[in-house]
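>>> output the structure for:
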Amino acid sequence: MDLYTKEQINSFVRTAKVYHTCYFEILLALVCGLRTGEILGLKYSDFHKKSRTLTIQRQYTRDYHYESKGSDNDKQVKVYPSERTFKPPKTLNSNRCLIVPSVIFEELKIRREENERIIAKTENRDFKDYVCLGMYGRIKSGATLNTGINAITKSCNLPHISMHTLRHMCATALIEMDIPMEKISEVLGHKNINTTFDIYCGIMDAQDQIKTIYLIPWILPSP
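Next up is the predicted model:
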């Protein structure tokens, strides 16, 4: 699991802000620990400025069908992806409400203005209530976001990371801040605390060796 130092994360975020195309999605993964599908499924109505909260109640993703052919000694597995659809979050605990920092609402305002220009240009209003629109007025794909991140890391000469890596960085920051594991599990929307332990027990065992990363202290699940 690749983690950035304080200097690296600062460089990455500064470059992402200039690149800007996927800056808001990066913040949602890095600062709020959201899964990519959860980010892509967000509506404007999921953000509540007065209470500074964000509700996660859907994801936009695709399913995969696996089909095996051939003998046991020469078995081939083909993967058939389905169309992307809106679905409930990954687990029951993935339905959650997080307290988020003001920068999220600042960037949401900018994103809404950008999306309104896209909709006016494309006349595509199918996804007008959703936050993560691409240049043709449709919801972005995970591949598009990772391509953007790849361009950012190359621009500032940093090791390659993905959207999912940003979620791991968020979790690692919480561990470094000594947030109770139960709270971290709630923030990440894991099925149960055992899932969180299984993923991050190695980090916890080597906590004194973790590279320090810079994140504003945000997040706890909304009471």
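
>>> got the buried residues for the longest helix seen in the chain?
For the chain, the helix with the greatest residue count under DSSP state H is helix 102-122. For helix 102-122, a neighbour-count test (16 or more other CB atoms under 10 Å) marks 104, 107-108, 111, 115, 118-119 as buried. For the C-beta atoms, the positions are set from N, CA and C on the backbone; glycine is no exception.

>>> need the strands for this structure, in chain order.
Secondary structure of the chain (DSSP state E): strands located at 47-48, 53-56, 59-61, 64-69, 76-81, 85-87, 96-99.

>>> which of those strands is buried the deepest?
strand 59-61 (a mean of 21; mean count of other CB atoms under 10 Å).

>>> and it, what does it pack onto?
Packing partners of strand 59-61 (3 or more CB pairs under 8 Å, 6 or more residues apart in numbering; DSSP states H and E): helix 36-40, strand 85-87.

>>> comparing the ones you listed by mean pLDDT, which bottoms out?
Across those, strand 85-87 has the smallest mean pLDDT, namely a mean of 92.

>>> any chance of the strands of the chain in CSV, plus distance to residue 174?
Listed next are these as CSV, based on distance: least, CB to CB, whole Å:
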stretch, distance to residue 174
strand 47-48, 21
strand 53-56, 16
strand 59-61, 21
strand 64-69, 30
strand 76-81, 32
strand 85-87, 26
strand 96-99, 12
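
>>> relative to residue 163, which of the ones you listed is closest?
strand 59-61 (12.3 Å; CB to CB).
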